[in-house]
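Novice: Okay, structure incoming, though there's no sequence with it:
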Ligand SMILES: Cc1cc2nc3c(=O)[nH]c(=O)nc-3n(C[C@H](O)[C@H](O)[C@H](O)COP(=O)(O)OP(=O)(O)OC[C@H]3O[C@@H](n4cnc5c(N)ncnc54)[C@H](O)[C@@H]3O)c2cc1C
């Protein structure tokens, strides 16, 4: 069986490795236009901020490591054509100064082409000193430019924007993060929770401008600043962290169906062309709560999808389940994470919700080093948990994962509040903050129920009075 994988990121390389795990005879070739493979883009901000020593440390494998497992990885090679009818791909390989054209046959093709940063259509985006952030090379270029800069603007206050902003701040720059929406991290946090993170990053000295879309980047050949409505800022560098667009050109060429956002796949990660599979940022998935198509541009999703695609390609059965988009991030000492829907997203999807909120401590009150923790739990009107957001200086990821399990198991806040959690003063509170938030949601639901019953009673009384 010949398998060709386009893309040497998390999705592509994991699919190749998983196929090898299940089938020792498959002939596997991975083609990527990048120079480096098997590195973690997620770690780029942590190299900038100095927590990881250097970019070399985030490269986990070289092509030679894959060759040892009989996986042929071809780097600096761009796939330019997929001939679906002939089961072949054509690629251009950079060999020194020359570009060589080659062709490969496949029985199965895996499209793992990821996404490319969205560059807003505006003046100044291509000036020197304006950067996007996706690859290790982008990270290296940002670091090189930052070393000779004083002021930076990061456009976009999603996770990646904030992580990069912190990295640049730690390098000694004056940093401003700008966001067109009225809050930071709009995809994962509600405004009240986002404000906690905003206060924290402002205390670190990062400036935040909200509700103002960038209009243009100023400069002749090199960036000098940027304009946001009535506001104008000077800067030596601008980083565009304005989202990711799926790379779907190869899939389109192969005749695969494209959905609302990206490549359409079934639960086997198979496209509409039966011997072509697709994984990672280039595909769209189902949202577990709304049932609608959505995107899940996360390394964790790409790796999970790669297992499913590999199993189905080798003839085993596996299904990719709809996503809850669990995420977590860390800026300075503050961790924040979320899973499922926020109140805002739920309401946008026509789901009425009640939220339980609690701020508590991560350890027993008297124990040295206890940190504040904020939990917001989002439940539908039947009490079923559909989302959770958590902010603290420790143990956020484990709690987000607990909530991911709870949501996947369709627990209600009442059921969760009766669950058994472990306790010892140095590591936890006797009643976990998650339970306290679930109890708060239960109380609110009860109050709403009571109000509804009272309203019904008063309507009944009124109508009895009217009829008597
Ligand atoms: C700064 C940053 C921080 C992040 N932090 C997190 C995090 O903390 N947690 C998390 O879960 N996710 C995080 N992500 C997202 C995560 O990195 C992506 O979701 C993940 O890399 C997607 O993997 P992929 O294989 O789909 O795409 P990619 O990693 O983008 O790989 C796609 C590959 O395909 C290649 N390619 C595309 N077209 C062609 C072609 N025609 N021919 C040859 N090769 C081609 C590209 O060159 C690339 O090598 C972060 C991303 C960034 C940029």
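Specialist: On my side now, so go ahead. Keep in mind that what you see is a predicted model, and the values were worked out from it rather than measured.
Novice: For the ligand, what is the nearest residue in the stretch 351-468 of the chain?
Specialist: Among residues of the stretch 351-468 of the chain, the one nearest the ligand by Cβ to the nearest ligand atom turns out to be residue 397. It sits 10.5 Å away. C-betas here are computed from N, CA, C, even on glycine.
Novice: What of the stretch 151-300 of the chain?
Specialist: residue 280 (2.1 Å).
Novice: is it fair to say residue 387 lies in a strand?
Specialist: Yes - per DSSP: H, G, I helix; E, B strand; the rest coil, residue 387 lies within a strand segment.
Novice: so it makes contact with residue 378?
Specialist: Yes - A contact is recorded between residue 387 and residue 378 when judged using Cβ atoms under 8 Å, the distance being 3.7 Å.
Novice: more crowded one of the two?
Specialist: Taking residue 387 and residue 378 together and counting by other Cβ atoms under 10 Å, residue 378 has the greater number of neighbours (30 against 27).
Novice: Report the contact partners of residue 180.
Specialist: 211-214 (Cβ atoms under 8 Å, 6 or more residues apart in numbering).
Novice: What subset of those is buried?
Specialist: 212, 214 (16 or more other Cβ atoms under 10 Å).
Novice: In CSV: the contacts of residue 180, plus pLDDT.
Specialist: Shown next, in CSV, are the contacts of residue 180 (pLDDT from 0 to 100):
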residue, pLDDT
211, 95
212, 93
213, 92
214, 93
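Novice: I'd say residue 11 and residue 306 touch.
Specialist: Yes - between residue 11 and residue 306 there is a contact under Cβ under 8 Å: 5.4 Å.
Novice: Give me the common contacts of the two.
Specialist: Taking Cβ under 8 Å, 6+ apart as the contact rule, residue 11 and residue 306 both touch 112, 279-280.
Novice: Only the buried subset of these, as a PyMOL command please.
Specialist: Buried members of those, identified by 16+ other Cβ under 10 Å, are gathered into one PyMOL selection as follows:
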select buried, resi 112+279+280
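Novice: Generate a markdown table for the shared contacts of residue 11 and residue 306, with secondary structure and pLDDT as supplementary columns.
Specialist: Output for those, formatted as a markdown table (DSSP: H, G, I helix; E, B strand; the rest coil; pLDDT from 0 to 100):
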| residue | secondary structure | pLDDT |
| --- | --- | --- |
| 112 | coil | 98 |
| 279 | coil | 98 |
| 280 | helix | 98 |
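Novice: What distance do you get for the residue lying closest to residue 349 once chain neighbours are set aside to residue 260?
Specialist: Using Cβ to Cβ, 6 or more residues apart in numbering and skipping the chain neighbours, the partner closest in space to residue 349 is residue 290 (4.7 Å). Computed with Cβ to Cβ, to the nearest Å, the distance linking residue 290 and residue 260 is 13 Å.
Novice: So for these two, which sits in the more crowded spot?
Specialist: Counted by other Cβ under 10 Å, residue 290 and residue 260 do not tie: residue 290 has more neighbours, with 17 against 10.
Novice: Can you read off the pLDDT for that one?
Specialist: At residue 290 the predicted local confidence, pLDDT, stands at 97.
Novice: Could you dump the contacts of residue 180 into TSV with secondary structure and distance to residue 437 added?
Specialist: TSV is the format used below for the contacts of residue 180 (DSSP: H, G, I helix; E, B strand; the rest coil; distance: Cβ to Cβ, whole Å):
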residue	secondary structure	distance to residue 437
211	coil	29
212	coil	33
213	coil	34
214	coil	36
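Novice: What is the longest helix seen in the chain packed up against?
Specialist: For the chain, the helix with the greatest residue count under DSSP state H is helix 433-467. Under the contact criterion of 3 or more Cβ pairs under 8 Å, 6 or more residues apart in numbering; DSSP states H and E, the helices and strands touching helix 433-467 comprise strand 353-361, strand 372-380, strand 385-392, helix 396-408, helix 413-416.
Novice: residues contacting residue 378?
Specialist: With contacts defined as Cβ under 8 Å, 6+ apart, the neighbours of residue 378 are 340-343, 346, 353-355, 385-389.
Novice: got it, and residue 307?
Specialist: Contacts were defined as Cβ under 8 Å, 6+ apart; by that measure residue 307 touches 14, 18, 318.
Novice: what's the closest of these to residue 218?
Specialist: Comparing the contacts of residue 307 against residue 218 with Cβ to Cβ picks out residue 14 as the nearest, at 42.1 Å.
Novice: That closest one reaches residue 301, doesn't it?
Specialist: No - no contact is recorded between residue 14 and residue 301 when judged using Cβ under 8 Å, the distance being 11.1 Å.
Novice: tell me which parts of the chain are close to the ligand?
Specialist: Along the chain, the residues adjacent to the ligand under the rule Cβ under 6 Å from any ligand atom are 6-12, 31-34, 41-42, 44-45, 78-79, 112-115, 133-134, 160, 247, 250, 280-281, 297-300, 302.
Novice: so residue 338 sits in a helix?
Specialist: No - according to three-state DSSP, residue 338 belongs to no helix; its state is strand.
Novice: Let me see the confidence value for it.
Specialist: On pLDDT, residue 338 comes in at 98.
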